[in-house]
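Novice: Return a 3D structure for these sequence lines:
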Amino acid sequence: MKPQPRIRTLRQARDFVRRCGLCLVFADRRSPLPSLWDAVDLPERQPGESGWGQRIGAVWTWKNQLPADYPDEIFYGKDARGKAVLMTVEHLRKVHYPQHHRPLTACSPLARKLFEQVRIEPMTTPALRQAVLKGDRTQRHAFAKALVELQVTLNIVRCNAPEVTADTWVRFHEQYPGLA
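Specialist: Residues are numbered from 1 along each chain as shown. Alright, predicted model coming up:
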């Protein structure tokens, strides 16, 4: 087995993604892809310690910070199975986008409804849920599935603006205008 790099900093995480081209954010035994989670060498939460622990805190933060700090180099999105991935923008352009982009017309009716809201203005997940479901809690699973569908088909993406801390959704082509 090939030894994993031991990542402790954002810069090392960036270099890891650049070397891999494509990696999972969190480990998945069913996938042959490397994961940032497996490569990070920070302690887990210790017994009696509150919060997440350094390892999960770093990985959770870096999945958003890498594309925010390096928007021309790193992309955060979902793979075909809906798993969180990081990849180089070069991989996105040459491989991932051509293989996985689907037009909005190929998406479910609920996904199209979500997209229409995001088309008007960027929206956080709770605001989007409220605008589309209007408090109907029975549709929460369908909403989550439609949100992932739009990410997998590369119709929406998490906003990379460094000042945005909550998951805020924008049209893919708004954030990556020259990609298609």
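
Novice: what's the domain layout of the chain?
Specialist: When the chain is parsed with automatic domain parsing, its domains come out as 10-98, 101-180.

Novice: Compare those and say which comes out lowest on pLDDT.
Specialist: Across the domains of the chain, domain 10-98 has the smallest mean pLDDT, namely a mean of 92.

Novice: can you give me how far it is from the chain middle?
Specialist: 9 Å (CA atoms, centre = their mean, to the nearest Å).

Novice: Okay, now it: how far is its last residue from its first?
Specialist: With CA to CA, to the nearest Å as the measure, the first residue of domain 10-98 is 29 Å from its last.

Novice: What count of nearby residues applies to Leu24?
Specialist: A count of neighbours around Leu24, defined by other CB atoms under 10 Å, yields 20. All C-beta spots, glycine's among them, are computed from the backbone N, C-alpha and C.

Novice: which residues sit in contact with it?
Specialist: Ser31, Leu33, Pro34, Ser35, Leu36, Trp37, Asp79, Lys83, Ala84, Val85 (CB atoms under 8 Å, 6 or more residues apart in numbering).

Novice: Just give me how far stretch 149-160 sits from the chain centre.
Specialist: Counting by CA atoms, centre = their mean, stretch 149-160 is centred 8 Å from the centre of its parent chain.

Novice: Need the distance between the two termini of it.
Specialist: Distance between the two ends of stretch 149-160: 19 Å, counting by CA to CA.
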